[in-house]
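# Give me a model of this one.
(2 chains)
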Amino acid sequence: MSLSLEAALECLLFVSGEPLPVEELARATGEEPLRVEEALRSLQVALVERRSGLQLLRIAGGWQLATRPEYAECVGRLLTPRSNKLSRAALETLAIIAYRQPITLPEIEAIRGVSSDGVLKTLLERRLIAEAGKKVAPGRPTLYVTTSEFLHYFGIAGLEELPPLETEPSPPSELPAESAVEGVYPRSG
Amino acid sequence: MENSALVAPPKRSPLTSAAMPPIHLAAFEGPLDLLLHLIRINEIDIYDIPIAEITRQYLQVIEAMEALDLTIAGEYLVMAATLIEIKSRMLLPQTPKEEDAVEAEEDPRAELVQRLLDYQQFRDTIATLQRWEEERRRVYFRDAAQNVEDYLLPVPQGEITPAQLHHALHQMLARAGLEEKPLTTVVPRRRLSLRLKMLEIVRKLEAVAPTAVPFESFFMLPGPLYDIVLTFLAVLELLRLGRVRVEQAEPFAPFYLYAAQEVSES
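The predicted structure is shown next:
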């Protein structure tokens, strides 16, 4: 019996609790990344064709098996209830961070017009955002970025899937100046 | 405020504030959100805000909240001040048109409009995020933490996990009545060290080896929290070093400690 790459990938995806990048799947199977990607797509189709309860998703920079949404009620009855949905304030803050990252708390508050430290703490606790060093600015405020958990939470493969903003933001004027002094004051983290 | 009709009137239909539904600040994410709401229900062009009328409505909402004795977040008051400032600047006579090179930038509303537009574009993405969140919640993934012990920490039958030990500690604390703290407490001098406690446990076990000793018998109850924690830590440390073994016959049965067969001096 010959071993199939598709079946091997299915094994790897089955045992993994997180999205697997193509490179990692290629390493484990000893195949070329391009061949792996091809096999992943045909596995994706095969799952649909055999009317599987599972589907193969491109999510948070990798590939992962997931249940089909049609069976959500059934799975939900077996598993414990999930954490609460995010509040409007949390979603709003998350959107600002996602589009303008890396961004500091004062910059977020300037856009929202309200203090946002509480909501930022919630997002940090839920690991949807993370600290990413300090901004080269007075007070060296902490910079925040979205995490791969953020991508996973919304079921998207990458930030490029975010809808384009209606009006393009005016390019931050301080950016060139900042990179000019980067050699003198290297960013931490 | 009532003489706002004197302000250069916006070229659009008069705004009817009488039809304005009651507004609760709790429904808004902040002053910008509230302003955008007022702009929408009045069907105003965001690039040509009738500032006098919007200011009046904005203050009306704030005052209504104050009348209900609700605390108004500082941000709302800052925005009220900003609106009044813009309104008064618009009341000032226009400078002669000859020097109108930078006229567009001199609109007192410009900065506020930019902030509103900036904020609005992020607010508009919320609907997409909420839809994604909803869809994603109908999809389940394998739990990353699940079965991790299967291939990382083999646990032989009859032996117990740290979680179970932790649970046992809680039971112990509950029995000692230490979960509820008294209002005042005397902090006794700490005499025991972890090292001494470990030694004490090993001696006790070796004295009776190969007989097992119940886990609970190592605790003096009721006793100081410090001793209980120290004893627990000592057991954990001895387990880590392989000096003792812990066994449990079946779930919920008492734990027993044994001295490990090979005793090496550390």
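# And residue B:257, which helix or strand is it part of?
Under the criterion of DSSP states H and E, residue B:257 resides in strand B:255-259.
# Give me the mean pLDDT for that strand.
The average pLDDT within strand B:255-259 is 85.
# Next: stretch A:132-148.
Mean pLDDT, stretch A:132-148: 93.
# can it be found next to chain B?
No: using C-beta under 8 Å from any C-beta of the partner chain, stretch A:132-148 stays clear of chain B, with a minimum separation of 11.5 Å. Yep, even glycine has a C-beta here, placed from its N, CA and C like the rest.
# buried residues in that stretch?
A:132, A:134, A:135, A:136, A:142, A:143, A:144, A:145, A:146, A:147, A:148 (16 or more other C-beta atoms under 10 Å in any protein chain shown).
# Tabulate those in a markdown table, adding columns for secondary structure and distance to residue B:237.
Listed next are the buried residues of stretch A:132-148 as a markdown table, based on DSSP: H, G, I helix; E, B strand; the rest coil; distance: C-beta to C-beta, whole Å:
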| residue | secondary structure | distance to residue B:237 |
| --- | --- | --- |
| A:132 | strand | 37 |
| A:134 | strand | 38 |
| A:135 | coil | 43 |
| A:136 | coil | 45 |
| A:142 | strand | 37 |
| A:143 | strand | 40 |
| A:144 | strand | 39 |
| A:145 | strand | 39 |
| A:146 | strand | 40 |
| A:147 | coil | 35 |
| A:148 | helix | 36 |
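# Looking at the residues you listed, which one is closest to residue A:165?
Nearest to residue A:165, judged by C-beta to C-beta, of these is residue A:146 at 15.4 Å.
# OK, contacts around the closest residue to the closest one other than its chain neighbours?
Excluding its sequence neighbours, the residue lying closest to residue A:146 (C-beta to C-beta, 6 or more residues apart in numbering or on different chains) is residue A:98, at 5.0 Å. Residue A:98 sits next to A:146, A:150, A:159, A:162 when contact means C-beta atoms under 8 Å, 6 or more residues apart in numbering or on different chains.
# Mind pulling up the pLDDT for residue A:98?
96.
# can you check residue B:44 too?
So residue B:44 comes in at 89 (pLDDT).
# Go ahead and confirm it touches residue B:51.
No: contact criterion C-beta atoms under 8 Å: residue B:44 and residue B:51 do not qualify, at 10.3 Å.
# Residue 91: how many residues sit nearby?
The chain I'm using is chain A. Under the neighbour criterion other C-beta atoms under 10 Å in any protein chain shown, residue A:91 is assigned a count of 24.
# I was thinking of chain B, sorry if that wasn't clear
Quick note: residue B:91 (other C-beta under 10 Å) scores 13 neighbours.
# same question, residue A:51
Neighbour tally, residue A:51, other C-beta under 10 Å: 7.
# Just give me the neighbour total for residue A:100.
17.
# try residue A:64
What residue A:64 shows, counting by other C-beta under 10 Å, is a neighbour count of 20.
# Pull the number of nearby residues for residue A:153.
Neighbours around residue A:153, by other C-beta under 10 Å: 23.
# Now do residue B:242 against residue B:202, distance only.
Residue B:242 sits at a distance of 12 Å from residue B:202 (criterion: C-beta to C-beta, to the nearest Å).
# who has more neighbours, those two?
residue B:202 (19 against 13).
# Skip the chain neighbours and tell me the closest residue to that one.
residue B:243 (5.9 Å).
# The one you found and residue B:234: what is the separation?
10 Å.
# who's more crowded, those two?
The residue with more neighbours, out of residue B:243 and residue B:234, is residue B:234; 23 against 20, by other C-beta under 10 Å.
# In the host helix or strand of that one, which residues are buried?
Assigned by DSSP H and E, residue B:234 belongs to helix B:225-241. In terms of neighbour count (16+ other C-beta under 10 Å), helix B:225-241 has its buried residues at B:227, B:228, B:230, B:231, B:232, B:234, B:235, B:236, B:237, B:238, B:239.
# Quick one: name the residues of chain B near chain A.
B:29-33, B:73, B:75, B:79, B:115, B:117-126, B:128-130, B:132-133, B:135-146.
# Just the ones in strands from these, please.
Among the residues of chain B next to chain A, no member falls in strands (criterion: DSSP state E).
# List only buried entries from those.
For those, buried by 16+ other C-beta under 10 Å: B:29-33, B:75, B:79, B:115, B:118-123, B:125-126, B:129, B:132-133, B:136-142.
# Low-confidence ranges, chain A, go.
Filtered on pLDDT under 70, chain A yields the residue ranges A:1-2, A:81, A:167-189.
# Run through the residues that contact residue 109.
I'll assume chain A. A:115, A:116.
# That was the other one, I meant chain B.
Here residue B:109 is in contact with B:49, B:51, B:86, B:90 (C-beta under 8 Å, 6+ apart).
# pLDDT value on it, please?
For residue B:109, the predicted pLDDT is 88.
# Torsion angles phi and psi at it?
phi -90, psi -10 (degrees, to the nearest 10).
# what touches both of residue B:243 and residue B:234?
Common neighbours of residue B:243 and residue B:234 (C-beta under 8 Å, 6+ apart) are residue B:198.
# ok so, going back, chain center to the strand holding residue B:257: distance?
Centre-to-centre, strand B:255-259 and its host chain are 41 Å apart (C-alpha atoms, centre = their mean, to the nearest Å).
# likewise stretch A:24-31?
22 Å.
# Let me see the residues that make contact with that stretch.
Contacts for stretch A:24-31 (C-beta under 8 Å, 6+ apart): A:5, A:8, A:9, A:12, A:32, A:33, A:35, A:36, A:39, A:40, A:62, A:63.
# can you tell me which of these are in helices?
The members of the contacts of stretch A:24-31 that map onto helices under DSSP state H are A:5, A:8, A:9, A:12, A:33, A:35, A:36, A:39, A:40.
# ok, then the element right after the helix or strand bottoming out on mean pLDDT in chain B?
Least confident helix or strand, chain B: helix B:148-152 with a mean of 46, by mean pLDDT, DSSP states H and E. As assigned by DSSP H and E, the chain's next helix or strand after helix B:148-152 is helix B:162-175.
# what about dumping the CA coordinates of that next one to CSV?
Listed in CSV are the C-alpha atoms of helix B:162-175, where the atom choice follows Å, rounded to 0.1, in the frame of the first residue of the first chain:
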residue,chain,number,x,y,z
PRO,B,162,-0.6,18.0,39.7
ALA,B,163,-4.2,19.2,39.2
GLN,B,164,-5.4,16.5,41.6
LEU,B,165,-2.7,17.4,44.1
HIS,B,166,-3.8,21.0,43.8
HIS,B,167,-7.4,20.0,44.5
ALA,B,168,-6.2,18.1,47.6
LEU,B,169,-4.5,21.3,48.8
HIS,B,170,-7.8,23.2,48.5
GLN,B,171,-9.7,20.6,50.4
MET,B,172,-7.0,20.8,53.1
LEU,B,173,-7.3,24.6,53.3
ALA,B,174,-11.1,24.4,53.4
ARG,B,175,-10.9,22.0,56.3
